[in-house]
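Visitor: Sequence plus the predicted model coming up.
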Amino acid sequence: QVFPSQDPLDRADFNAVEYINALFPTEQSLANIDEVVNKIRLKIRRLDDNIRTVVRGQTNVGQDGRQALEEAQKAIQQLFGKIKDIKDKAEKSEQMVKEITRDIKQLDHAKRHLTTSITTLNHLHMLAGGVDSLEAMTRRRQYGEVANLLQGVVNVLEHFNKYMGIPQIRQLSERVKAAQNELGQQILADFEEAFPSQGTKRTGGPSNVLRDACLVANVLDPRIKQEIIKKFIKQHLSEYLVLFQENQDVAWLDKIDRRYAWIKRQLVDYEEKYGRMFPAEWCMTERIAVDFCHVTRAELSKIMRTRAKEIEVKLLLFAIQRTTNFEGLLAKRFSGCTLADGTVKKPEVPPPSSNPFLEDETGAEADEIVMEKSDTDKPKKPKVPDNPFHGIVSKCFEPHLYVYIESQDKNLGELIDRFVADFKAQGPPKPNVDEGGAVLPSCADLFVYYKKCMVQCSQLSTGEPMIALTTIFQKYLREYAWKILSGNLPKTTSSSGGLTITSLLKEKEGSEVAKFTLEELCLICSILSTAEYCLATTQQLEEKLKEKVDTSLMERINLTGEMDTFSIVISNSIQLLVQDLDAACDPALTAMSKMQWQNVEHVGDQSPYVTSVILHIKQNVPIIRDNLASTRKYFTQFCIKFANSFIPKFINHLFKCKPISMVGAEQLLLDTHSLKMVLLDLPSIGSQVVRKAPASYTKIVVKGMTRAEMILKVVMAPHEPPVVFVDNYIKLLADCSTDTFQKILDMKGLKRSEQSSMLDLFRLRLPAPPPGGDGSGSLSLSAPTPEQESSRIRKLEKLIKKRL
């Protein structure tokens, strides 16, 4: 690695034999052997010379190394000596610098101490002179000069906090405190003289002296300022307490406007007379208004407790409306900075949402319903600013809101009764297929009224009254669901013209009348649409109530039970529609089961009972589809439920068709295929717009009707040999139930002895149950794959075409 070489002799895996073979690859090359030997010997001699030279060169290496080491040690000793000399010189230099700067440091300390002393003496001079001036000005009531001077004296006195141990300084501090106390008492006395708390007239009024005194009060103890404000406001509102005493007529709720008119005049009067006397940062106008609100709330609470029996709903709402208007006026005029003590809780305004109850009340009711349905497409409303004065007076009405709740309970009861009476008087809605199933107008009226009550109550209180109102809402949502919706669903026992087998066989369309009339079908669809609208709107109502109520009470608002009630109405409506169409098809299926299928001689067009079933489907389904145009998912549910009801019933009637000849089975197969095509087209039957049926519905129809076709194919298959017949049955039907197999044998018309041997063979040919199974006699095989079903359907269609 150190001396890379390409010579083969230097390789680690050198092989002499390979090397010689490389030099003499053939016999002819041996002629040069002498030349090769000479070259190798020459190379050996050169290597020996090189080795000898190297060995001789290393003879003096040890001596040279020792000499170099000694020289290095001597150099280190010299370096160490030089470093020591430099360190000694540095210490001497440092000592010399200290001696030079010692005097300079002393001069710096002296200068700093002298400056501090001069500054302190100046402050002391200012403090002493300021205290003397302050005492003199206080006696002369020169409050304008005192305000500026007092602040300066207080600031200077702060510099002497660490010198309070000096008697003279402590004495000056005590004089300043005494002057502050004297100023405070003197200012309070001046205000008492100008605005006496007792007496019929104000003997004083605003003056420059009092204005300057307020500036001094800003510097004094905050209690002085609070005392001035308290006495002034108390004196200012003393007239209010006299005018609106509990025994006065104007004190009752019907004249509550006079209270607010009085404070408005007082505030205007204050601004004109005293607006410049108090500093702006005192917010005296707002303080007067806030104290007025506190006094008013206490007075109203007291008088309402005394005269609780006289409170009526209209009177209570009138008083609350005027009070909330006044609170809104305060919010526009004042910032609420004086409410920082937390006596009034600022309401939590919920963020804007797509809830239909967010719209304003002032719109027309019809417009509100349209807005509720399309509200999700609207931009959100801007957030309403907080009102810091909300509830500052109106909180006193909350204990009496039970009157409002009881009134709403009564009004909603009357509203439901009116809805019931109107429905009976006007009858069910007229069928109008072009417009689709309409929501009952009473539903819109109910939720509009709910919205009005909710907004009104949330303005009065967001506490327990909202919970009580929610309970009322729940009560009448259930009543509406049972009295208006469920109570008006047509009864299944009513019959408006039955179907007979004779009429089916004769295919007289005029005599085929559906169980429900057109009006009844439209009514069911209208009730279904109304219940669906109520369900969605009730969910939005719950969300809005949770936004309006206090956070701590949100968990107590739950309208799940009412939503479940509307879901039950929807389910019952769909079931009625399914039962009606199902019942209309029953006579046709009965006629099918009573036909003599063993006597059918040839395969023709579809049988009369198929025509009858298709006729009823074409009569009912378009009406239902058009009336449920606004609720497509429930029309899909109707189709699925009808398919789940009709197909098993059709298969049961197939089992009743016995015995069946080969030709009869082929005719039934043709009829089954026709019904299957009609059922697959059921969602869009009779419609100008052809839509693809939902996949979930198509899957149910294909699975059910394919089973019916497979049953008929098994019936058509020869029962000889029995083993092939049994295996074919298991393969086609994937049903290991002995009952089903027994019915197939009955349809073929086999004798009991033949059936017995067939059943024994069937039990022997059954596949083994899967491990971990319950070991029951009825087993379930895997369903055929879509490819197998498609192949079977193609074979069936070919068979039908061939027969036709």
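Guide: Here it is on my side, so go on. Numbering: from 1, shown residues only.
Visitor: Enumerate the positions of the helix or strand hosting residue 744 that are buried.
Guide: Using DSSP states H and E, residue 744 sits within helix 738-748. Of all the residues in helix 738-748, those buried under the rule 16 or more other Cβ atoms under 10 Å are 740-741, 743-748. (Glycine included, C-beta is placed from N, CA and C.)
Visitor: Could you do stretch 702-719 as well?
Guide: Quick answer for stretch 702-719 (16+ other Cβ under 10 Å): 702, 704-717, 719.
Visitor: just stretch 225-233 next, same as before
Guide: Those would be 225, 227-229, 231-233, for stretch 225-233 by 16+ other Cβ under 10 Å.
Visitor: next one: stretch 311-323
Guide: Those would be 311, 316-317, 319-320, 322-323, for stretch 311-323 by 16+ other Cβ under 10 Å.
Visitor: swap in stretch 581-596?
Guide: Those would be 581-585, 587-589, 591-592, 595, for stretch 581-596 by 16+ other Cβ under 10 Å.
Visitor: Check which helices and strands the longest helix seen in the chain sits against.
Guide: Looking across the chain with DSSP state H, the single longest helix is helix 61-140. Secondary-structure packing of helix 61-140 (3 or more Cβ pairs under 8 Å, 6 or more residues apart in numbering; DSSP states H and E): helix 143-158, helix 167-194.
Visitor: Reformat those as TSV; add mean neighbour count.
Guide: Formatted as TSV, these follow (neighbours: other Cβ atoms under 10 Å):
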stretch	mean neighbour count
helix 143-158	18
helix 167-194	16
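Visitor: Confidence-wise, which of those is weakest overall?
Guide: Across those, helix 143-158 has the smallest mean pLDDT, namely a mean of 67.
Visitor: Nearest to the middle of the protein, which residue? Look it up for me.
Guide: residue 543 (9.6 Å; Cα atoms, centre = their mean).
Visitor: that's a helix at that one, yeah?
Guide: Yes - according to DSSP: H, G, I helix; E, B strand; the rest coil, residue 543 belongs to a helix.
Visitor: Tell me, what's the model's pLDDT at it?
Guide: pLDDT, residue 543: 91.
Visitor: Could the C-alpha coordinates of stretch 102-117 be exported in PDB?
Guide: Taking Å, rounded to 0.1, in the frame of the first residue of the first chain, the C-alpha atoms of stretch 102-117 are listed here in PDB:
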ATOM      1  CA  ARG A 102      -5.600  55.300  43.400                       C
ATOM      2  CA  ASP A 103      -5.900  59.100  43.600                       C
ATOM      3  CA  ILE A 104      -8.200  59.200  40.500                       C
ATOM      4  CA  LYS A 105     -10.600  56.800  42.100                       C
ATOM      5  CA  GLN A 106     -10.800  58.800  45.200                       C
ATOM      6  CA  LEU A 107     -11.500  61.900  43.200                       C
ATOM      7  CA  ASP A 108     -14.400  60.100  41.300                       C
ATOM      8  CA  HIS A 109     -16.000  58.900  44.600                       C
ATOM      9  CA  ALA A 110     -15.700  62.400  46.000                       C
ATOM     10  CA  LYS A 111     -17.400  63.900  42.900                       C
ATOM     11  CA  ARG A 112     -20.300  61.400  43.000                       C
ATOM     12  CA  HIS A 113     -20.900  61.900  46.700                       C
ATOM     13  CA  LEU A 114     -20.800  65.600  46.200                       C
ATOM     14  CA  THR A 115     -23.200  65.500  43.300                       C
ATOM     15  CA  THR A 116     -25.600  63.300  45.400                       C
ATOM     16  CA  SER A 117     -25.300  65.600  48.300                       C
END
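Visitor: same question for that stretch, mean pLDDT?
Guide: 83.
Visitor: Buried residues, that stretch. List them.
Guide: Taking 16+ other Cβ under 10 Å as the criterion, stretch 102-117 shows none as buried.
Visitor: change the start of the numbering to 48 and stick with it
Guide: Okay, using 48 as the starting number, the last item reads as stretch 149-164.
Visitor: Mind listing residues that contact that stretch?
Guide: Around stretch 149-164, nothing counts as a contact under Cβ atoms under 8 Å, 6 or more residues apart in numbering.
Visitor: Count the residues that sit near residue 579.
Guide: 22 (other Cβ atoms under 10 Å).
Visitor: Report the spatially nearest residue to it, omitting neighbours in sequence.
Guide: residue 678 (5.0 Å; Cβ to Cβ, 6 or more residues apart in numbering).
Visitor: If I follow the layout properly, the one you found ends up in contact with residue 574?
Guide: No - using Cβ atoms under 8 Å, residue 678 is not in contact with residue 574; the gap is 11.6 Å.
Visitor: follow-up on the earlier one: mind pulling the model confidence for the residue nearest to residue 579?
Guide: So residue 678 comes in at 83 (pLDDT).
Visitor: Would you mind measuring from it to residue 685?
Guide: Separation of residue 678 from residue 685 (Cβ to Cβ, to the nearest Å): 10 Å.
Visitor: Could you check which of the two has the larger neighbour count?
Guide: Legend: neighbour count by other Cβ under 10 Å for residue 678 and residue 685, higher for residue 685 (24 against 19).
Visitor: Please name the residues that touch the more buried one.
Guide: Taking Cβ under 8 Å, 6+ apart, one finds 621, 624-625, 671, 675 in contact with residue 685.
Visitor: Identify, from those residues, the entry nearest to residue 148.
Guide: Proximity of the contacts of residue 685 to residue 148 (Cβ to Cβ) peaks at residue 675, which lies at 103.8 Å.
Visitor: so the closest one touches residue 683, yeah?
Guide: No - if you go by Cβ under 8 Å, residue 675 and residue 683 don't touch, sitting 9.3 Å apart.
Visitor: More neighbours: which of the two?
Guide: Neighbours per residue (other Cβ under 10 Å) separate residue 675 from residue 683, with residue 675 holding more: 26 against 16.
Visitor: If we ignore the residues flanking it in sequence, what's nearest the more buried one?
Guide: residue 682 (4.2 Å).
Visitor: Burial check on that neighbour, number of neighbours?
Guide: Counted with other Cβ under 10 Å, residue 682 comes out at 24.
Visitor: okay but it is in contact with residue 729, surely?
Guide: No - between residue 682 and residue 729 there is no contact under Cβ under 8 Å: 10.3 Å.
Visitor: thinking again about what came up before, among the contacts of residue 685, which pair sits farthest apart?
Guide: Longest span within these, Cβ to Cβ: 625 and 675, 12.9 Å.
Visitor: Could you measure from the residue nearest to residue 579 over to residue 619?
Guide: 15 Å.
Visitor: Skipping its backbone neighbours, what lies nearest residue 239 in space?
Guide: In space, residue 239 is closest to residue 278, 7.2 Å off (Cβ to Cβ, 6+ apart).
Visitor: Which ones among the buried residues of stretch 749-766 map onto helices?
Guide: Going by DSSP H, the helices hold 749, 751-763 from these.
Visitor: which stretches of the stretch 248-397 of the chain aren't confidently modelled?
Guide: 248-254, 265-266, 387-397 (pLDDT under 70).
Visitor: Would you mark the buried spots in stretch 802-818?
Guide: 802, 805, 808-809, 813.
Visitor: and the two most separated of the residues you listed?
Guide: 802 and 813, at 16.5 Å, using Cβ to Cβ across the buried residues of stretch 802-818.
Visitor: can you tell me the helix or strand for residue 347?
Guide: helix 331-353.
Visitor: so how far is whichever helix or strand comes after that helix off the chain centroid?
Guide: For helix 331-353, the succeeding helix or strand toward the C-terminus, using DSSP H and E, is helix 360-380. Remark: helix 360-380 is offset 33 Å from the chain centroid, using Cα atoms, centre = their mean, to the nearest Å.
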